[in-house]
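Undergrad: need a 3D model of the following:
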Amino acid sequence: MKMYWQIFYTFAKIGMFTIGGGYAMLPLIQKEIVDKKQWISSKDFVDMIAISQSVPGIFAVNTAIFAGYRMKGNSGSIIASLGTILPSFMVILLIAMFFRNFQDNIYIGKMFKAIRPAVVALIAVPVFSTAKSVGINLKTLVIPVAAALLIWYWGLSPVYIVLIAALGGIVYGKWRK
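TA: Numbering: from 1, shown residues only. Here you go, the predicted structure:
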């Protein structure tokens with residue numbers, strides 16, 4: 001029972017103090033479950049991120065589900081999910097209840113504008129730490145840069161990028177054998 005409380009508390013703390021969504025949660029999740037508590041290895045964490053990104057749903061919740069499952073099976077995934085969802089739900093509920101009172105407040109608008117750069121930084125940190133842990137270097141950087149350019153500049157659908165990458169991975173794996 002103590003472990004379930006630890007899982008819930010850990011993910012509730014992450015959910016409560018993260019602004020910017022799932023990617024902004026990654027450094028906190030990594031710090032808590034990989035570095036501090038050592039519930040998951042660094043390699044497993046990177047794999048968990050890849051799986052969480054590839055399945056439908058909210059990225060932060062998917063990550064919590066996989067982490068909770070890894071620690072305590074189905075019940076761990078439910079506890080971790082609730083820990084991730086409940087703080088955000090409660091904050092949004094409170095904001096919705098009182099939003100009319102401050103929706104036109106100039107200071108609230110300025111506060112939200114000031115938070116934007118911090119959110120970008122919170123998202124950038126896990127990108128660089130994940131790139132470092134999976135061994136991306138100048139040679140392997142070509143693939144994500146090419147994918148970003150194909151999507152952004154030429155308007156290619158990300159679905160095609162994923163299919164091409166999967167096919168390329170299969171061909172590369174067969175070729176290496």
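Undergrad: switch to C-alpha atoms for all contacts and neighbour counts from now on
TA: OK.
Undergrad: need the strands for this protein, in chain order.
TA: Taking DSSP state E, the chain contains no strands at all.
Undergrad: domain ranges for it?
TA: Segmentation of the chain into domains, based on automatic domain parsing, reads 2-135, 137-177.
Undergrad: tell me which of those domains is the most buried.
TA: Most buried of the domains of the chain by mean neighbour count (mean count of other Cα atoms under 10 Å) is domain 2-135; its value is a mean of 16.
Undergrad: so how far is that domain off the chain centroid?
TA: How far domain 2-135 lies from its chain's middle: 6 Å, per Cα atoms, centre = their mean, to the nearest Å.
Undergrad: end-to-end on that domain?
TA: Chord length of domain 2-135, first to last residue, is 36 Å (Cα to Cα, to the nearest Å).
Undergrad: report the mean per-residue pLDDT for that domain.
TA: Mean pLDDT, domain 2-135: 84.
Undergrad: could you find the closest non-adjacent residue to residue 46?
TA: In this structure, residue 46 finds its nearest non-sequential neighbour in residue 130, 6.8 Å apart by Cα to Cα, 6 or more residues apart in numbering.
Undergrad: leaving out chain neighbours, which residue sits closest to residue 9?
TA: Excluding the flanking residues, the one nearest residue 9 by Cα to Cα, 6+ apart is residue 83, at 6.6 Å.
Undergrad: to clarify, my last question referred to residue 8.
TA: Nearest one to residue 8, counting by Cα to Cα, 6+ apart, is residue 83 at 4.7 Å.
Undergrad: same for the longest helix seen in the chain, what does it pack against?
TA: Secondary structure of the chain per DSSP state H: the longest helix is helix 59-102. Identification of packing neighbours for helix 59-102 by 3 or more Cα pairs under 8 Å, 6 or more residues apart in numbering; DSSP states H and E yields helix 2-16, helix 22-29, helix 42-54.
Undergrad: nothing else from me, thank you.
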